[in-house]
Structures are given as C-alpha cells and as structure tokens.
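Visitor: Build the 3D model from these lines:
(one chain, ligands or ions: 2)
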Amino acid sequence: KNLIFSGMQPTNTLHLGNYLGALRNWVKLQEQMPCIYCVVDMHAITADAGYAKPKELQAAIREVTAAYIAAGVDPARSILFKQSDVAAHAELAWVFNCVARLGWMDRMTQFKEKSGKHKERASVGLYTYPTLMAADILVYKATHVPVGEDQKQHLELTRDIAQKFNNDYSAPDFFPQPEPLILGTATRVMSLRDGAKKMSKSDESDMSRINLTDDADAIAAKIRKARTDPNPLPDDEKGLEGRPEAENLINIYAALSDESKASIITRYAGQQFSGFKNDLAEVAVAKLTPIAAKMRELLADPAEIDRILEKGAARADEIAAPVIKEVKALVGF
Ligand code: ATP
Ligand code: MG
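Guide: Ligands and ions are numbered 1, 2, ... in the order given. So this is what the prediction gives:
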C-alpha cells in the first residue's frame, strides 16, 4: 500500500530550497497517495540552531506548520502533525540505533558537514539523526519519501535499516523499502553566496537564502546581490559547466516558472546577469509573496494551528501504534 511520509525541521523559517526541493512536491503528491507530513521538532534540537531555545522552537513549529498549509498542504486530507507528539518515533529510533552499525553511520556526509572541524563537540543526537529519520518513515511503513537531493543518502540508510531489521528478526517484508522521490528541476538549490554549498536554514548568513517569509524588497535584494561569475549568461547548457552560481540561478528560474532550462538559456543567451536577475526576482516575488501572506493570516491564530497539529497527531498515532506494538513483539520486549 502506497503511503507518503516527509518532514522538515523547525529551525528558522523555510526557504526556497525547502519549497522547490520538497514542499511543492508534497502538495502535488496529495493527489496521488495518502500523505503524512511532519514537523520534525525532535530533529531540530540536534544542532545549535534549535537547542535550548524553547521559545524560538515553539514559534518555528507554528511557522513551519503555517508554511505547509500556506503552500497547499491540506490538513483535512493529509495528516499534518509534529514529531514529538507521537512517542512511537522515539521508541522505534532506539531499536534502530541498535540495528544500524557504526560503520554505516560514519559514512553519513550530512553529519560530517554539520559537525565541521569539531566533531567531538557535536551532539550525539546529530550523529544518530539518520536513525530517527528512518524511524519517522518506517513507523508508518511509508513507501515514498519526497525530499531534496541532500537526503538521498539518509534514505539509502533507511532502506538498509529496514532490510537488516526484517532479516535479523526473521520478519521478511515487515518494513517496506521506502523510495526517495526527488522531483523537479531544483532538487538541490545552492546558497546565493556560495555555489558550492546548499541553501540551508542553518546557514548563518540570511543573504544566502530566500525565506518563504521574505517580502518583495528582500527577495529582489537577495537575488540582485547573489554571487555570479563575471561572464554573461551562456549560449547553451554546456556553457554552464564549472559555473555553479549561474546554473543555480537558472535552475531556480526554471523551477519557479515551470519553464525548461533550455528555453530560458536560449532567451537570455549572451546577456548580462543584471537583466536576468531582475526578471528572476519578479518571478520569485510573484510565486512566493502570496505564500507569505497566507502564512501571516494563519499565524494570526496560533491556537488554530495547535489544534490542527493535535488532530494530526491523533491520526498519526493510530497508524504508528500497531506498528510499534508489532516491533516490540518481534524484538522480544
Ligand atoms: P538545516 O540546515 O537545519 O538542515 P535544511 O534547509 O536542510 O535545514 P531540512 O529541514 O533539513 O532543511 O530539510 C527539509 C527538506 O528540504 C528536505 O526534504 C530536504 O531535502 C529539503 N532541502 C533542504 N535544503 C534544500 C536545498 N537547498 N535544495 C533542495 N531541497 C532542500
Ligand atoms: Mg537539512
């Protein structure tokens, strides 16, 4: 039985990468399969950006929920809830901590990137983040996971964990092998300041990303100041090789306007970036500012957002409870 699960961390506001890489696809997928969309607050405390900041975390949970709904996630149809409300996530994550091998975890590039030079100062939670993510997905026996390119490795680990559990506990086919759905032309949106880094909520520089809550002036300013090389736009797609900043802006344009990269490149061939950036800003403002307006409307009634999350948690728990019960029986608890 097909079932979608995906989530985002409530650290800061969602940005254009979250929108183009994931959220936008979540909305469309509601037409195809039942969907469970989670605000993964337990993941948010794994890093400094969300740790020991209870007021900010609570505000970010509501803001991310509002962003989901404003972008088109329908809480009457899809299950929309927050992770910490369904205890089965944490319970299954513990079992998976014992299924996963250190050698597997040591290969995770996100941990290496996020822990940086001082690995010993990273939280243990940041290290075991991928086993919690595997539990998030598998506690619903979800089959499809719409995410950005950066989560591909964690999905592979999830599949490995599912397979090893099934095998070690002699329960063939108990957990499915969930498939990543990496869809669209902007599956890895890069930082506006550095074409080698992905756009992230946790980047210190606000100029590196376009937030879903940015107003028209902020969006235009960030695009105008986005880094590019000194050359004009290329004549063809091959001309983008070795030009990650240029490629990123064209990918963003293509994704936001639902136009092919090729036709955009043909239109702007040989032109300077300034004109292209003005047009891109216009496209971005038209697409994003209505979402921001809708978010503001929703955030004016935080109690209603809390009620939506509570109802969603009850529905999620109904699916997760029998699965965790079976897991406990299989494990011998
Ligand atoms: P953080 O820096 O805190 O990890 P993040 O920006 O990576 O934040 P997440 O909450 O970790 O956001 O990810 C939410 C979803 O957005 C995931 O599906 C992830 O793959 C996707 N995503 C994140 N950044 C990008 C990006 N730059 N381009 C495309 N998709 C992205
Ligand atoms: Mg991330």
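
Visitor: Can you get me a residue count around Ala93?
Guide: 21 (other Cβ atoms under 10 Å). For every residue, glycine as well, the C-beta is placed using N, CA and C.

Visitor: for it, what are its contacts?
Guide: Applying Cβ atoms under 8 Å, 6 or more residues apart in numbering to Ala93 gives the contacts Thr128, Thr131, Leu132, Ala134, Ala135.

Visitor: same thing but 10 Å
Guide: The neighbourhood of Ala93, defined by Cβ atoms under 10 Å, 6 or more residues apart in numbering, consists of Met42, Thr128, Tyr129, Pro130, Thr131, Leu132, Met133, Ala134, Ala135, Asp136, Leu138, Val139.

Visitor: ok, so what distance separates it from ligand 1?
Guide: 17 Å (Cβ to the nearest ligand atom, to the nearest Å).

Visitor: Is that residue within a helix or a strand, and which one?
Guide: helix 88-99 (DSSP states H and E).

Visitor: buried sites along that helix?
Guide: Neighbour counts over helix 88-99 (16 or more other Cβ atoms under 10 Å) mark Ala88, His89, Glu91, Leu92, Ala93, Val95, Phe96, Asn97, Val99 as buried.

Visitor: For the stretch 51-200 of the chain, give the residue positioned nearest to ligand 1.
Guide: Gly148 (2.3 Å; Cβ to the nearest ligand atom).

Visitor: Count the residues that sit near that residue.
Guide: Counted by other Cβ under 10 Å, the residues lying close to Gly148 total 23.

Visitor: next one: Ala60
Guide: 23.

Visitor: Wait, it touches Gln9, no?
Guide: Yes. Here Ala60 reaches Gln9: they are 8.4 Å apart, a contact under Cβ atoms under 10 Å.

Visitor: what about Glu113, is that helix, strand or coil?
Guide: Following DSSP: H, G, I helix; E, B strand; the rest coil, the label given to Glu113 is helix.

Visitor: Can you verify my assumption that it contacts Ser200?
Guide: Yes. Using Cβ under 10 Å, Glu113 is in contact with Ser200, at 9.4 Å.

Visitor: When those two are compared, which one has more neighbours?
Guide: Ser200 (21 against 12).

Visitor: Let's see the pLDDT reported for that one.
Guide: Here the pLDDT value assigned to Ser200 is 96.

Visitor: That one should be in a helix, yeah?
Guide: No. If the criterion is three-state DSSP, then Ser200 is coil and not within a helix.

Visitor: Verify the contact between it and Asn211 for me.
Guide: No. Using Cβ under 10 Å, Ser200 and Asn211 do not qualify as a contacting pair, with a distance of 11.7 Å.

Visitor: anything in contact with each of these two?
Guide: Asn12, His15, Asn18.

Visitor: ok, back up a step: can I get the next helix or strand after the helix holding Ala93 in CSV, CA atoms only?
Guide: Sequence-wise, the next helix or strand downstream of helix 88-99 (DSSP H and E) is helix 102-105. Written as CSV, here are the backbone C-alpha positions of helix 102-105 (Å, rounded to 0.1, in the frame of the first residue of the first chain):
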residue,chain,number,x,y,z
LEU,A,102,28.7,2.4,13.4
GLY,A,103,30.3,1.9,10.0
TRP,A,104,27.1,2.8,8.3
MET,A,105,26.7,6.0,10.4
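
Visitor: Understood, closing this out.
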